[in-house]
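# Have a look; sequence and predicted model below, questions after that.
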Amino acid sequence: MSKFLCLDMDAYFASVEIASNPKLKNKPVGIVGSVDRTVVTTASYEARRFGVKTGMPKFMAEKLCPQITFIVGNFKKYAYISEQIHTFLKTITYKTEMYSIDEAFMDISDINMSPRDLGYMIKSHIKNHFKITCTVGIGKSKLVAKMATEINKPDGLNIIEDENVYKFMDSFKLDDIWGIGKNLAKRLNGLGIFNTRDIRKLGKDFFINIFGKNGEKIYDMAFGIYKEGVKYEEEPVKSIGHSLTLPADTFDRKILNSYILQLSDMVSFRARKAKVAGKTINFHIKYSDLTKFSKMHTINYHTAATHQIYEIAKHISEEIDITKGVRHVGVSLNNLIYSCDTINDIFNKKWENIYSAIDNINQKYGNLTVTFANILNCQRLTSNTLHPWQKL
Amino acid sequence: MVTTINGEVEAGIVFRNGIATPAWIKYNNNTIRFKKVVYRWSEKKGEENIIKFTLTDSQKIYEIAFNTKTLKCFLVAVDE
């Protein structure tokens, strides 16, 4: 019988900061990307009680909770602790998947220990060594285990026995279920389906006819079935991207271009480090009024060169209405090929040598030690931290 | 209140079982003796490995950075 465990760290970034500084204990804390204008990346449970949520602009969080302490996140610290936790979990079973910086899945089917004891053992190790709490969910599939981490937070341990799976799944609204987004839930609601009980009443064919391949997955989910196992072998990255919120809305293309260059340089540096190159460049922005613009462009060769990624992103950016003001900007490289020894095949040797020299210096002395002079126009430099699940 | 310092300091570091732990630092003509390591993590800067700590002398919280390549120690910040 298969058994899966999902571990979800409680308010991870905030918890690590509170563990690092006990003076923050029991206080509302918000982790932000920078000192100036930005959004809350994680809020402590004390801050959540005032309505502060992830993704909320800093000024709004301050309005809801004037006594909140903001801390600029140290993503290298969070990545390090996450890696340490991953290393510990791998001592229990190699079938461990670090799903994100603060979530992990384990296939515990072969472990000769009761799920409850195992759950408590993991929780107590994390509490003792890292001084943070986590919620553990255990169930017959990754889906049930993941949903079991959504209740009794923080510091919960929830085991869903097989005979209780239907009742458990039925207790969630469709858009709260992992893998069913708001849009899909809306479509299902439009068909008169509001929970997993309604799904089970209809046949599998009904869902396949409407949703195609995804229909089978939706139908299975109502039974707590999730065919995907734990991905414990590293999978190649599918895209490399960076984005940032500007310190102030910009109406100036020159300033915007400097940020596009910075992001292109970060993307290409990571691509070259991982020996990957991509054909599709995605450029996206958020205007001052929070409306979005996103467009991708595919070229007929693969590249990992900053100046080429920049040129394409900049070209796309010419379509935007700069008079509306730009708040957030992002660049990503997709459609990747792997094991590239040179940055692209139409490259001349001169550029290849320049990038090689820049990369060697930055690898030795740290990111952005040598970069393009135009980047000096940027008032904010984003973190170049690689998260542990993005091993490049 | 957190005060950012980011200054190099003279430090006494104890190495035990391959683990480095700051025991004291000299700052503003005072020797601060640490009572407890609150948190410990590691960061990379290029090829350099920097071990970071938060420590307490029972009153204040200090963030210390120890560069394992240059063997320099920095007082990053103090929370009074």
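That came through, no problem.
# mind listing what the strand or helix carrying B:Val14 pairs with, with the direction of each?
Assigned by DSSP states H and E, B:Val14 belongs to strand B:10-16. Its sheet considered, strand B:10-16 pairs with strand B:19-27 (antiparallel) by DSSP bridges.
# which of the residues in the helix or strand that comes right after the partner strand are buried?
Using DSSP H and E, the next helix or strand after strand B:19-27 towards the C-terminus is strand B:30-33. Of all the residues in strand B:30-33, those buried under the rule 16 or more other C-beta atoms under 10 Å in any protein chain shown are B:Ile32. To be clear about C-beta, it is placed using only N, CA and C from the backbone, and glycine gets the same treatment.
# hey, C-alpha coordinates of the strand holding B:Val14 in PDB?
The C-alpha coordinates for strand B:10-16 follow below in PDB (Å, rounded to 0.1, in the frame of the first residue of the first chain):
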ATOM      1  CA  GLU B  10      38.600  41.200  16.300                       C
ATOM      2  CA  ALA B  11      37.100  37.900  17.400                       C
ATOM      3  CA  GLY B  12      37.800  34.700  19.300                       C
ATOM      4  CA  ILE B  13      36.500  31.700  17.500                       C
ATOM      5  CA  VAL B  14      36.400  28.200  19.000                       C
ATOM      6  CA  PHE B  15      36.800  25.300  16.600                       C
ATOM      7  CA  ARG B  16      35.300  22.100  17.900                       C
END
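# and that strand, how far from the chain's centre?
9 Å (C-alpha atoms, centre = their mean, to the nearest Å).
# again with stretch B:67-80
With C-alpha atoms, centre = their mean, you get 5 Å for stretch B:67-80.
# List the buried residues in it.
The neighbour-count check on stretch B:67-80 (16+ other C-beta under 10 Å) flags B:73-75, B:77-79 as buried.
# any idea which helix or strand comes after the helix or strand hosting A:Gly30?
For A:Gly30, the host element (DSSP H and E) is strand A:29-32. Scanning forward in sequence from strand A:29-32 by DSSP H and E, the next helix or strand is strand A:40-43.
# what's the closest of the buried residues of stretch B:67-80 to A:Gly33?
B:Ala77 (18.5 Å; C-beta to C-beta).
# Helix, strand or coil: sort out the closest one for me.
strand (DSSP: H, G, I helix; E, B strand; the rest coil).
# name the element A:Ile316 belongs to?
With DSSP H and E as criterion, A:Ile316 is part of helix A:306-317.
# and for that helix, what are the contacting residues?
Residues lying outside helix A:306-317 but in contact with it, judged by C-beta atoms under 8 Å, 6 or more residues apart in numbering or on different chains, are A:253, A:256-257, A:260-261, A:263-265, A:267-269, A:281, A:283, A:285, A:295-297, A:299, A:303, A:331, A:333, A:344, A:351, A:355, A:372.
# Intersect the buried residues of stretch B:67-80 with the contacts of chain A.
Near chain A, taking C-beta under 8 Å from any C-beta of the partner chain as the test, the members of the buried residues of stretch B:67-80 found are B:Asp79.
# got CSV for the buried residues of stretch B:67-80, with distance to A:Phe206 and pLDDT too?
Shown next, in CSV, are the buried residues of stretch B:67-80 (distance: C-beta to C-beta, whole Å; pLDDT from 0 to 100):
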residue, distance to A:Phe206, pLDDT
B:Cys73, 67, 96
B:Phe74, 64, 96
B:Leu75, 66, 96
B:Ala77, 60, 94
B:Val78, 64, 94
B:Asp79, 59, 92
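# A:Asp359: which of the buried residues of stretch B:67-80 is nearest?
B:Phe74 (27.1 Å).
# Is that closest one in contact with B:Tyr62, as I believe?
No. Between B:Phe74 and B:Tyr62 there is no contact under C-beta atoms under 8 Å: 10.8 Å.
# element containing residue 62, please.
Chain wasn't specified; assuming chain A. helix A:58-64.
# Switch to chain B, please.
Judged by DSSP H and E, B:Tyr62 forms part of strand B:61-67.
# neighbouring contacts of that strand?
Strand B:61-67 has contacts (C-beta under 8 Å, 6+ apart) with A:20-23, B:9, B:11, B:13, B:20, B:22, B:25, B:32, B:34, B:38, B:48-56, B:72-79.
# Distance check, the residue nearest in space to the middle of chain B against chain A.
The centre of chain B sits closest to B:Ile64, judged by C-alpha atoms, centre = their mean, with a distance of 2.3 Å. For B:Ile64, the distance to chain A equals 12 Å [C-beta to the nearest C-beta, to the nearest Å].
# Which pLDDT value does the model give that residue?
B:Ile64 is assigned a predicted lDDT (pLDDT) of 97.
# Show me the beta-bridge partners of it.
B:Phe53, B:Leu75.
# quick one, what contacts A:Leu256?
A:250, A:317, A:322, A:326, A:329.
# Just these: which are in helices?
A:Ser317 (DSSP state H).
# Turn the contacts of A:Leu256 into CSV, including distance to A:Asp359, pLDDT and neighbour count.
Below are the contacts of A:Leu256 laid out as CSV (distance: C-beta to C-beta, whole Å; pLDDT from 0 to 100; neighbours: other C-beta atoms under 10 Å in any protein chain shown):
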residue, distance to A:Asp359, pLDDT, neighbour count
A:Thr250, 29, 94, 20
A:Ser317, 26, 96, 22
A:Ile322, 32, 94, 16
A:Val326, 29, 95, 23
A:Val329, 24, 94, 24
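# Now flag whichever of the contacts of A:Leu256 is closest to A:Ile193.
For those, the nearest to A:Ile193 is A:Val329 (38.5 Å; C-beta to C-beta).
# average pLDDT across the helix holding A:Glu62?
In the prediction, helix A:58-64 has an average pLDDT of 93.
# after that helix, next one along is what?
Downstream of helix A:58-64 (by DSSP H and E), the next one is strand A:69-72.
# List just the nearest of the buried residues of stretch B:67-80 to chain A.
Nearest to chain A among these is B:Asp79, at 5.5 Å by C-beta to the nearest C-beta.
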